[in-house]
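Novice: Need coordinates for the below:
(chains A, B, C, D, E and F, ligands or ions: 3)
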Amino acid sequence: MQKIEAIIQPSRLDAVKDALIEAGVEGMTILEARGHGRQKGHTEFYRGREYTVDLLPKVKLEIVVRDEVVEKAIQAIATTARTGHIGDGKIFVSRIDEAIRIRNDERGETAL
Amino acid sequence: MQKIEAIIQPSRLDAVKDALIEAGVEGMTILEARGHGRQKGHTEFYRGREYTVDLLPKVKLEIVVRDEVVEKAIQAIATTARTGHIGDGKIFVSRIDEAIRIRNDERGETAL
Amino acid sequence: MQKIEAIIQPSRLDAVKDALIEAGVEGMTILEARGHGRQKGHTEFYRGREYTVDLLPKVKLEIVVRDEVVEKAIQAIATTARTGHIGDGKIFVSRIDEAIRIRNDERGETAL
Amino acid sequence: MLAVMPMLAHAQAPATASATDIAALRQAVADAKSSADNTWMLVSSALVLMMTGPGLALFYGGLVRRKNVLGTMMQSFAMMAIITVTWAVASYSLAFDAGNSFIGGLHHLFLRGVGAEPDVAYASTFPAQTYMIYQMMFAIITPALITGAFAERMKFSAMVLFTVLWSFVVYDPMAHMVWGQGGLLNIAGGRFPCLDFAGGTVVHVTSGVSALVCALYLGKRVGYPTVKMAPHSVVLSFIGACLLWVGWFGFNAGSALSSGPLATAAFVNTHLGAASAAIGWMLAEKVRNGKPSALGGISGAVAGLVAITPAAGFVQPMSSLAIGLLAGLACYAMVAVVKLRFGYDDSLDAFGVHGVGGTLGALLTGLFAAKAVNPIFKDAQGNNLPVGAIDGHWGQLLNQSVGIAIAIVLSVVGTLALLKLVDVTVGLRLSAEDEAEGMDVSQHGEEGYDWA
Amino acid sequence: MLAVMPMLAHAQAPATASATDIAALRQAVADAKSSADNTWMLVSSALVLMMTGPGLALFYGGLVRRKNVLGTMMQSFAMMAIITVTWAVASYSLAFDAGNSFIGGLHHLFLRGVGAEPDVAYASTFPAQTYMIYQMMFAIITPALITGAFAERMKFSAMVLFTVLWSFVVYDPMAHMVWGQGGLLNIAGGRFPCLDFAGGTVVHVTSGVSALVCALYLGKRVGYPTVKMAPHSVVLSFIGACLLWVGWFGFNAGSALSSGPLATAAFVNTHLGAASAAIGWMLAEKVRNGKPSALGGISGAVAGLVAITPAAGFVQPMSSLAIGLLAGLACYAMVAVVKLRFGYDDSLDAFGVHGVGGTLGALLTGLFAAKAVNPIFKDAQGNNLPVGAIDGHWGQLLNQSVGIAIAIVLSVVGTLALLKLVDVTVGLRLSAEDEAEGMDVSQHGEEGYDWA
Amino acid sequence: MLAVMPMLAHAQAPATASATDIAALRQAVADAKSSADNTWMLVSSALVLMMTGPGLALFYGGLVRRKNVLGTMMQSFAMMAIITVTWAVASYSLAFDAGNSFIGGLHHLFLRGVGAEPDVAYASTFPAQTYMIYQMMFAIITPALITGAFAERMKFSAMVLFTVLWSFVVYDPMAHMVWGQGGLLNIAGGRFPCLDFAGGTVVHVTSGVSALVCALYLGKRVGYPTVKMAPHSVVLSFIGACLLWVGWFGFNAGSALSSGPLATAAFVNTHLGAASAAIGWMLAEKVRNGKPSALGGISGAVAGLVAITPAAGFVQPMSSLAIGLLAGLACYAMVAVVKLRFGYDDSLDAFGVHGVGGTLGALLTGLFAAKAVNPIFKDAQGNNLPVGAIDGHWGQLLNQSVGIAIAIVLSVVGTLALLKLVDVTVGLRLSAEDEAEGMDVSQHGEEGYDWA
Ligand SMILES: Nc1ncnc2c1ncn2[C@@H]1O[C@H](COP(=O)(O)OP(=O)(O)O)[C@@H](O)[C@H]1O
Ligand SMILES: Nc1ncnc2c1ncn2[C@@H]1O[C@H](COP(=O)(O)OP(=O)(O)O)[C@@H](O)[C@H]1O
Ligand SMILES: Nc1ncnc2c1ncn2[C@@H]1O[C@H](COP(=O)(O)OP(=O)(O)O)[C@@H](O)[C@H]1O
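Specialist: Residues are numbered from 1 along each chain as shown, chains lettered A, B, ... in the order given. Ligands and ions are numbered 1, 2, ... in the order given. So this is what the prediction gives:
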């Protein structure tokens, strides 16, 4: 099993979610995040005080999938999340050693 | 050291937290999340426009523990988080290579 | 590639962010979190009902970096996040197998 | 200086024409006085509506958990919509048409005969319609107050049905008895003249006691008291409480039914009562928790406003400070000590604040009412008689107690019967799933906030 | 009792001095009446300002997505700032100075001649300045209503330019025609006497129709209708709607321009209309979705307030219940069925609520207007003539239709021309990037909430 | 038409009975006039209370960081509770009882002798109690304004102690000098007749200057100016600012102490001043940042309301536009340029807006005051004398300056002394831990929002 962590633009969330379901990935967890990277931020003014905001709103998806599904899922995410602009985000993949479904204590891939 | 990531129902957070402390796991980090899976969502109407909400509020726990504690922690979480209904959530386990306590730079298991 | 997850005091975020950029780490993702640990919480009263709040506001940074940068990044975080008080937080390190830049499908370390 | 009014402009003023002049002037003066009082009553009506929405809706809405904010605000809003119609169609007649000592007649159904002419039985200087709409605003907020007791766990359909029936069964008779012509407790000729300037018994005792009955009948919210159920936004409650305070000037000073000195007295007493009660509650918190809180301050202010309601037009300013202070302390004790000891779930303290504050206020009115402020009791020769115990008229405490007792009995019996009725018909309580999901989504299919 | 007023105190009252006494009394009575009416008008002016800010600003601000909350509230706030100046400088004169049947004159530019004296052409009992400021508040809210149609996608600069021009090109002439001396649609001597008590055609038909034109001209928001665009805070909208309701008493009852029985009638009708429309909309939701919603309740209330606006001072209370109910149902149908079918993006339903509700209300006013309430039509002998169809005067429906037709034509033509003009000069629409980033950051360099 | 009032109904009107009729009519007219003015004053009192809560509480509460929202709102709320009591018990007497030129006497302690009768020294047409409660609302908001200077870092206990003492040491004397019988700066016979219609010096200069002293004495918040300290909710501040605007009509137009043409003039000037100042501030932002902001718009409006306060009842409408525009630009410059240059932490700009705006307004009042609007200065024969410089009375600028100077000196000395006193007794400043944790949790044991 592997964990796919994807940081994407909030506006792309719905599309990415649908694409994943499309690709047979039903289960996913979403977190609100803010990101810093190449993408430049913006400036705000409050009564003359100037602040540069370089942490921009992002959405983070976490998906744990069977090894054979990984590539498919990555493609689904990358293609739908891509706008071509700086700030589109990243996908990271890492190993998961065990998964448990709380409801019925199922373990391993069947728990996904 | 291993990292236990548990996605649970928000309403179970307090119980799970207490169970973990019970089990000797003092340190934990909680994140608000939204989840998609087998559990079906609900429908909302705003002036006739209908939206199906299939990202449901969840809470994510992240705990890094010594290998020998892992099983105990998983049990503590699973048993207290379980309501028996679809949507109870998942627990994922993965390896952590290093841990540092910021306050005093302690490293490894003693940092937990 | 490795993933550095740091849980820090919210008030230290700006300093840590700058230190990381200083250290050449441009890309990072920030999540709002709440933490439980040695640090004690506080008590709240609402019309006589007393609640002890032992989940305190924290900020979680997630950074994926090339192996050779890890130590440097850890130092940058630890030194700037440290106040010396209980609750300063933790840093965890784990392995990342693959990274993809969504914008242009670059893979591996160049995607960071 | 203003040009002479057209209506008078034509008339010349020869020294001999005074008789007709006088008549014309009398009419003109009456119109001027009427415009003045009518302005005050319309403003007061608007202020009392503002108490319910957004005032009370925010006060209560902020106290519940996020998932119930809209459902809670809807309970107040539904009263603004529905009671308005039932009042116009029937309740006004049942409450204020001359009837027997317990309930009014049916002559004013559909507002028949309620028009531009004053109804001298209630107020001679402005249209009966003004009196009707002003009283309507009281009828709207009273059942809305009850909703604090069954917050977060009652079906919307059940809540609507219950409150509408309640307003007929409990509110209309009580309003008639205290304020209606020939009412049993009417200070002008009732069997037990009960001093209730703006609704201590009619509004607060009835709603507060009914609230307790509801809380006991429905039982606790799932997880109460172990699960944390802190207000999701004390900020919203703060806004609501301030608007309640401001609106209450219309509630109490408007009840003078004229904008003369009595309105001023009621206005001043209202403000002093709110302030000292806020101090009282915060002091109690300071002593007990070491910290006065914003929630405590606003809760105290509301408790003081409740307690001063029956007294506003009868007592001296310094008495108001005393009434407020006592109310702040008493309601705090009820909410923060007694309730927790007994363990019932009066979720937003509708009983703790309105029931207790209203009862205390009604009694203290009998104690502090002074003929120097408002000489309502007169002998055959028209000389002022003592009013409250402070004037030496201890018997008034008995009259007050009778009023309170009747309000309590009527509320307990009426509420129990209606809860049972609604329970067996549509069912009172949310399913465990709906309660867990929250009223906003389960009852109304929407969410209060979308931060996405 | 009060001491006799100083201004009278000096004068003695010998039986022979009555002639002068009478004169002095007349003046005193006129002053008293003036103070009473002036109080009501100043209060009403404050209430109408409160409708725009915070009322409408919150109502609209809550309906948009979080990233646009300030930009949306700013659209209402900008009207409070800018229209205030343009009205004082020129628009008041253009709307209310005697002129031709379509537009007023220039005598009152810079408020020249608008002072402490009453302008008897409009109201004889209070200063012309009071009338001017009261009318200003109407001029402020009307263009603000339009902004609901182009929410979340219009440049701030373009919005300011457009609304200011619109107020000169559409609002001022329309106000003059219906309410101004010699206006084509003025009920006192106009060619087509159109009943519009507080602005059904002048305010709501013009803003609503213009809103539709704007929505069609600007096109949809990026992602509409596929992307979820739910209100970011129904709670804010709820607060705003309640303040609109309360403020509307000043809008409608204030339009009686005196605080006599007519003000009361308008007040009562306003309240009943709002309540029954809220019920109507919620019922429609209950039937269609199985759940009445808070958003539905407040939307219905606003729809009812819109529809009752032209009728408030002309109809019977029970007619108001009917008007409200119909408005609630009709606006719901428009917003939840028709709009979705046609697919245009009237983002906050400015047309669906104000255009439809205003038109419906203007027609129903012609139907339900009763001389028993307000006998505005008289024959040579001064006998009351029938007013609305319900009195047998079916011709009034024609007059109403003419008023509506003129409002529609003027709005469509004027709005189209101005949109084109602004489009080619400063450009109307936000860039895709700015729209995605949100108006708060892109247009104003700030954020509505900082939860960090 | 209304039935003749009962109080007159009995009286017949034979041509010979006019003497008594006249007397009765005089009384009736006085009552009518009194009801009218009393209505206006009670409404104004309610509006001014609304300015503090929820108005100012929200305006300030939105500007601080989330962790301090309740603590900040509590600072305003505490004034509503505590100053109410101190004012009734002693301050009203110290400010408005006849005394020497600097402070009032003690005859009205505990509101003795403040009842239904008018106090002709202040207002002859409504009860003294009305005047007392109206003035109380001013006494409440003034210290609340100061709290903006030491936001987010002062102990609640210290804040309460300081503000209460401040109201006795600075506010009461200043109010007496400017408005009290025999006051040094009273326009009716004072040594230096200083024009201050509604509190430019009494309210805004005193609070603004004291605020600066507080900011300098307490020092900066931890992390200022490097750490981002953006408003946690401009939305809350927006609501608050709009309510301040609406409430300010009661503040300024109510200060006419009657609802005649002068009240209208003050109302109009208030509105125009707010609007043009909002435009001024937004223009400055547009020029400097390229974007006008919502925070800028509301800040400008408040600045304009502050500056027009002393002038409201003395100047022409077009002068108000000028005063507002200048205030908007000046306060922006102070807040966005000067303050940042000097680097002191006037956290919510209490000095930048109230100190600067109030001083500017007081001076401009001396410049623009016109006898055509309010002929307060008369010669022995009762002929009108020039009022402001615009009338040719340049000396008035001196009188204004004296008033301002006294307000500044009194505020600086009084505030410094009290800060020192409170510092050595309870201690002024939060511990670093408490400041970091936030006032809500550390001072009040609660949180503003619970989104969980
Ligand atoms: N090394 C990294 N570790 C963690 N998150 C990262 C890293 N680099 C980028 N991100 C996340 O991806 C987002 C987009 O990255 P950015 O460099 O702005 O654009 P792009 O990915 O198109 O080059 C950032 O806002 C941040 O949230
Ligand atoms: N493959 C997965 N990867 C990440 N999170 C998952 C995955 N599957 C489920 N989840 C999380 O677990 C939650 C519950 O899963 P769900 O399938 O609805 O119920 P159950 O776990 O009882 O089968 C989801 O809402 C989601 O947050
Ligand atoms: N074992 C753990 N797993 C995950 N997060 C932890 C763990 N221990 C601590 N944390 C996080 O680190 C924060 C600080 O830890 P704490 O024990 O309070 O102070 P310190 O790190 O200085 O000893 C906690 O609030 C929690 O968010």
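Novice: can we go C-alpha only for contacts and neighbour counts from here?
Specialist: Fine.
Novice: tell me which residues of stretch D:306-324 are tucked away?
Specialist: Residues of stretch D:306-324 classed as buried under the neighbour-count rule (16 or more other C-alpha atoms under 10 Å in any protein chain shown) are D:306-324.
Novice: what about it, near chain E?
Specialist: No: using C-alpha under 8 Å from any C-alpha of the partner chain, stretch D:306-324 never reaches chain E; the gap is at least 15.8 Å.
Novice: Mind checking if that stretch is in reach of chain F?
Specialist: Yes: Stretch D:306-324 lies within reach of chain F by C-alpha under 8 Å from any C-alpha, at D:317-318, D:321.
Novice: Go through these and name the one nearest ligand 2.
Specialist: Minimum distance to ligand 2 across those is 55.5 Å, recorded for D:Leu321 (C-alpha to the nearest ligand atom).
Novice: is chain E contacted by the helix ranked longest in chain A?
Specialist: Using DSSP state H to define each element, chain A has its longest helix at helix A:67-81. No: judged by C-alpha under 8 Å from any C-alpha, helix A:67-81 stays clear of chain E, getting no closer than 14.8 Å.
Novice: and the next element down the chain from that helix?
Specialist: Sequence-wise, the next helix or strand downstream of helix A:67-81 (DSSP states H and E) is strand A:90-95.
Novice: For the residue positioned nearest the centre of chain D, give me its contacts.
Specialist: Centroid-nearest residue in chain D: D:Val203, 4.4 Å away (criterion: C-alpha atoms, centre = their mean). Neighbour list for D:Val203: D:138, D:142, D:171 [criterion: C-alpha atoms under 8 Å, 6 or more residues apart in numbering or on different chains].
Novice: Of those residues - the most surrounded one?
Specialist: Among the contacts of D:Val203, the one with the most neighbours (other C-alpha atoms under 10 Å in any protein chain shown) is D:Tyr171, at 28 neighbours.
Novice: Could I get the contacting residues of it?
Specialist: For D:Tyr171, the contact set (C-alpha under 8 Å, 6+ apart) comprises D:139, D:142, D:202-203, D:206.
Novice: can you check D:Leu325 too?
Specialist: With C-alpha under 8 Å, 6+ apart, D:Leu325 has these contacts: D:273, D:276-281, D:304.
Novice: how about 10 Å then?
Specialist: Contact analysis of D:Leu325 by C-alpha atoms under 10 Å, 6 or more residues apart in numbering or on different chains lists D:272-281, D:283, D:300-301, D:303-304, D:307, D:319.
Novice: for A:Thr29, same thing?
Specialist: Contacts of A:Thr29 (C-alpha under 10 Å, 6+ apart): A:5, A:60-64, B:7, B:33-37, B:55-60, B:89.
Novice: Now do the same for the nearest residue to it once chain neighbours are set aside: helix, strand or coil?
Specialist: Computed as C-alpha to C-alpha, 6 or more residues apart in numbering or on different chains, the closest residue to A:Thr29 that is not its neighbour in sequence is B:Gly35, at 4.4 Å. Put simply, B:Gly35 is strand when judged by DSSP: H, G, I helix; E, B strand; the rest coil.
Novice: B:Gly35 pairs with what?
Specialist: A:Thr29, B:Leu56 (DSSP bridges).
Novice: repeat for the one 10 residues further on
Specialist: When bridges are taken as DSSP bridges, the partners of B:Phe45 come out as B:Glu50.
Novice: For stretch D:116-132, list every residue counted as buried.
Specialist: Going by 16+ other C-alpha under 10 Å, stretch D:116-132 has these buried residues: D:116-119, D:123-132.
Novice: Just these: which are in helices?
Specialist: Among the buried residues of stretch D:116-132, the ones falling in helices (DSSP H) are D:128-132.
Novice: got CSV for the contacts of D:Val203, with secondary structure and pLDDT too?
Specialist: CSV is the format used below for the contacts of D:Val203 (DSSP: H, G, I helix; E, B strand; the rest coil; pLDDT from 0 to 100):
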residue, secondary structure, pLDDT
D:Phe138, helix, 98
D:Thr142, helix, 98
D:Tyr171, helix, 98
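Novice: now, among those residues, which is nearest to E:Ser259?
Specialist: D:Phe138 (21.8 Å; C-alpha to C-alpha).
Novice: Now do the same contact list for the closest one.
Specialist: Contacts of D:Phe138 by C-alpha under 10 Å, 6+ apart are D:45, D:48-49, D:51-52, D:171, D:175, D:198-199, D:202-203, D:251.
Novice: Give me the buried subset of those residues.
Specialist: Judged by 16+ other C-alpha under 10 Å, buried ones among the contacts of D:Phe138: D:45, D:48-49, D:51-52, D:171, D:175, D:198-199, D:202-203, D:251.
Novice: Count the neighbours of the closest residue to A:Ile77 other than its chain neighbours for me.
Specialist: Of all residues not flanking A:Ile77 in the chain, A:Val16 sits nearest, at 5.6 Å (C-alpha to C-alpha, 6+ apart). When neighbours are defined as other C-alpha under 10 Å, A:Val16 has 21 of them.
Novice: Look up phi and psi at A:Val16.
Specialist: phi -60, psi -40 (degrees, to the nearest 10).
Novice: which parts of chain D sit against chain B?
Specialist: Residues of chain D lying close to chain B by C-alpha under 10 Å from any C-alpha of the partner chain are D:223, D:226-228, D:436-437, D:440-442, D:444-447.
Novice: sorry, back to before: which of the contacts of D:Leu325 fall in strands?
Specialist: Within the contacts of D:Leu325, no residue falls in strands by DSSP state E.
Novice: Pull the contacting residues for residue 91.
Specialist: Using chain A. With C-alpha under 10 Å, 6+ apart, A:Ile91 has these contacts: A:4-8, A:60-62, A:74, A:77-78, C:98-102, C:105, C:107, C:111-112.
Novice: The chain in question should be chain D.
Specialist: Contacts of D:Ser91 (C-alpha under 10 Å, 6+ apart): D:83-85, D:97, D:104-106, D:108-111, D:136, D:139, D:167-168, D:171-173.
Novice: likewise A:Thr83?
Specialist: A:9, A:12, C:102-104.
Novice: Just send those back as CSV, with secondary structure and pLDDT too.
Specialist: Converted to CSV, the contacts of A:Thr83 look like this (three-state DSSP; pLDDT from 0 to 100):
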residue, secondary structure, pLDDT
A:Gln9, coil, 95
A:Arg12, helix, 94
C:Ile102, coil, 97
C:Arg103, coil, 95
C:Asn104, coil, 94
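Novice: Looking at chain A, which residue is nearest chain F?
Specialist: Nearest residue of chain A to chain F, counting by C-alpha to the nearest C-alpha: A:Gly48, 4.2 Å away.
Novice: Spell out the secondary structure type for the closest residue to that residue other than its chain neighbours.
Specialist: Nearest residue to A:Gly48 in three dimensions, chain neighbours excluded: F:Ala336, at 4.2 Å (C-alpha to C-alpha, 6+ apart). For F:Ala336, the assignment made with three-state DSSP gives helix.
Novice: Look at F:Ala336 and say how many residues are nearby.
Specialist: For F:Ala336, the tally of surrounding residues (other C-alpha under 10 Å) stands at 22.
Novice: got a list of what it touches?
Specialist: By C-alpha under 10 Å, 6+ apart, the neighbours of F:Ala336 are A:45-50, F:284-285, F:288, F:330, F:349, F:352.
Novice: Now do it against F:Phe342, distance only.
Specialist: Separation of F:Ala336 from F:Phe342 (C-alpha to C-alpha, to the nearest Å): 11 Å.
Novice: and if you look at D:Val120?
Specialist: Distance of D:Val120 to F:Phe342, given as C-alpha to C-alpha: 68 Å.
Novice: OK, contacts around the residue of chain A found nearest chain E?
Specialist: Residue of chain A nearest chain E, by C-alpha to the nearest C-alpha: A:Glu44 (4.6 Å). Listed by C-alpha under 10 Å, 6+ apart, the contact partners of A:Glu44 are A:50-53, E:440-442, E:444-447, F:230, F:289, F:291, F:293.
Novice: That concludes my questions; thank you for your assistance.
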